[in-house]
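Chemist: quick check, what structure comes out for this input:
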Amino acid sequence: MIQATIDDLFDKTVLDKAINSIKKSRTICGFDGVYAKDIKQIWLINGKDIESKVRDSSYHPYIADAFEIKKRNGKKRNITVPAVTDQVIIRALHIVLQPQYEEVFSKRSYAFRPGIGASDAIRYLKKKMNSGYDCVIKTDIKSCYDTIDHNTLLSILKRDIPDKRICILLERYIKAKYCKFNRVMKMTVGIMQGSSISPLLANIYLNEFDQLMERGGFQFIRYADDIILLGRNKKEVHRAYVAAKRILENKLHLKLNDDKTVQSLRRGIDFLGYHIGRRSRYGYYKLFVGKDAKDNLMKYALIARKARCDTPENHLSWLGSFNRGWLNYFKYADKKELKKICHIVDQKQTDFFFSHWDESEEYSIIQLKTIQSFVKGFVSMKNWLGEIIGRQSLIK
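Modeler: Have a look, this model is predicted:
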């Protein structure tokens, strides 16, 4: 049972945290006519009136702003951004509900949770495959955010949260109106992608799947709508797949994406950018950088963002941040492979840096070499790898 109340929502600490979070986000003005940078002053004027309306359940959200963005596969994703005033309330709901739901969420769910992430999912998958569960089916839920059933989600929330006013408020955000292509429409199925509470609502909804799979004794990993099913043999993993499909279709009105379902029987699997493969001389599965991740690295590692790379110093600073971020994510991959990748990337970035700024004719080669040598330790991917390996050895 979730013990969140309307009083918790309007606690000063919670509201201050929510307001400051929205203010930093620099969100554009919505249908409430409020800019994120002004929300603190606006809330001082209108906050009491908004609180009063929420408490007596007469508050209705503003119309949200909706637009489409292109995905890598060429398809489009709907993004719905609530008005700034509503973002404060939604953020406060998230702050109040998240810690309490963390206590009931499955340990096999890894996405959008504090202190848990993709690296934990990858390491757990490697551990299970090395313990004999190396027959794997990788799949995902088809259009998960866009097809979540409102009645099912609301029945879960009403079951979990005794405060009816919180449930009414959540229902109005779930069924909110939005404006897209100058037409105002109402959400009849699915949840907003663009709201800070949407990942939490998705986890609440899919936690029903997690709990039923655990009760059935199945081995699995869920990262948002991506699911890994594990078994010690083909029959066992197929049984898990049939159970997962039945639970999603019958209980949650969702479907698995057959086009993206991949079965791997003791051959390794790609997941969240990593490849888990058996290349150890002792037969153990190890972590490697996936092919797509390597291709993307070689593609984006050389890009100089004009806004941030207007000088050689800023260019090198951006490269250093990029390299550090990439290595922090892939630090669990095989170290020999990482050393090879680091060597190639460092060489390509160095060549690109000199050719890019030499063409500008604003800097001489001597100046560029002086700048590069001064910040080389910060930029070099090989140096960052050495530091990360050092940190990991200290932890061990």
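Chemist: so how many other residues sit close to residue 353?
Modeler: For residue 353, the neighbour count with other Cβ atoms under 10 Å is 21. (C-beta placed from N, C-alpha, C; glycine too.)
Chemist: name the element it belongs to?
Modeler: helix 335-360 (DSSP states H and E).
Chemist: relative to residue 263, how far out is the residue lying closest to residue 213 once chain neighbours are set aside?
Modeler: Closest residue in space to residue 213, ignoring its immediate chain neighbours: residue 220 at 5.4 Å, by Cβ to Cβ, 6 or more residues apart in numbering. To residue 263, residue 220 is 14 Å away according to Cβ to Cβ, to the nearest Å.
Chemist: these two: which is more packed in?
Modeler: A count of neighbours by other Cβ under 10 Å puts residue 220 above the other of residue 220 and residue 263, at 25 against 16.
Chemist: any idea which element the more buried one lies in?
Modeler: Going by DSSP H and E, residue 220 is in strand 219-223.
Chemist: how about that strand: buried residues?
Modeler: Using 16 or more other Cβ atoms under 10 Å as the test for burial, strand 219-223 gives 219-223.
Chemist: correct me if wrong: the residue nearest to residue 213 contacts residue 226.
Modeler: No - contact between residue 220 and residue 226 fails when scored by Cβ atoms under 8 Å: they sit 10.9 Å apart.
Chemist: mind giving me the packing neighbours of the host helix or strand of residue 158?
Modeler: Using DSSP H and E, residue 158 maps to helix 150-160. Judged by 3 or more Cβ pairs under 8 Å, 6 or more residues apart in numbering; DSSP states H and E, helix 150-160 is in contact with helix 164-174, helix 198-215.
Chemist: using TSV, please lay out those together with mean neighbour count.
Modeler: Formatted as TSV, the helices and strands packed on helix 150-160 follow (neighbours: other Cβ atoms under 10 Å):
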stretch	mean neighbour count
helix 164-174	18
helix 198-215	19
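Chemist: so where is the stretch 251-396 of the chain shaky, pLDDT-wise?
Modeler: Across the stretch 251-396 of the chain, the ranges flagged by pLDDT under 70 are 279-282, 303-309, 356, 358-363, 367-369, 371-379, 389-396.
Chemist: which stretches in it count as helices?
Modeler: For the stretch 251-396 of the chain, applying DSSP state H, counting those that start in this stretch gives helices covering 291-300, 312-329, 335-360, 365-379, 381-395.
Chemist: the first one to helix 312-329, inter-axis angle?
Modeler: By that I understand helix 291-300. In terms of direction (axes from the mean of the first three to the mean of the last three Cα atoms, to 10 degrees), helix 291-300 departs from helix 312-329 by 170 degrees.
Chemist: what residues does helix 291-300 touch?
Modeler: 270, 273-275, 289, 322, 326, 330, 341, 344-345, 348 (Cβ atoms under 8 Å, 6 or more residues apart in numbering).
Chemist: and which of those residues is nearest residue 56?
Modeler: Within those, the smallest distance to residue 56 is 48.2 Å, found for residue 273 (Cβ to Cβ).
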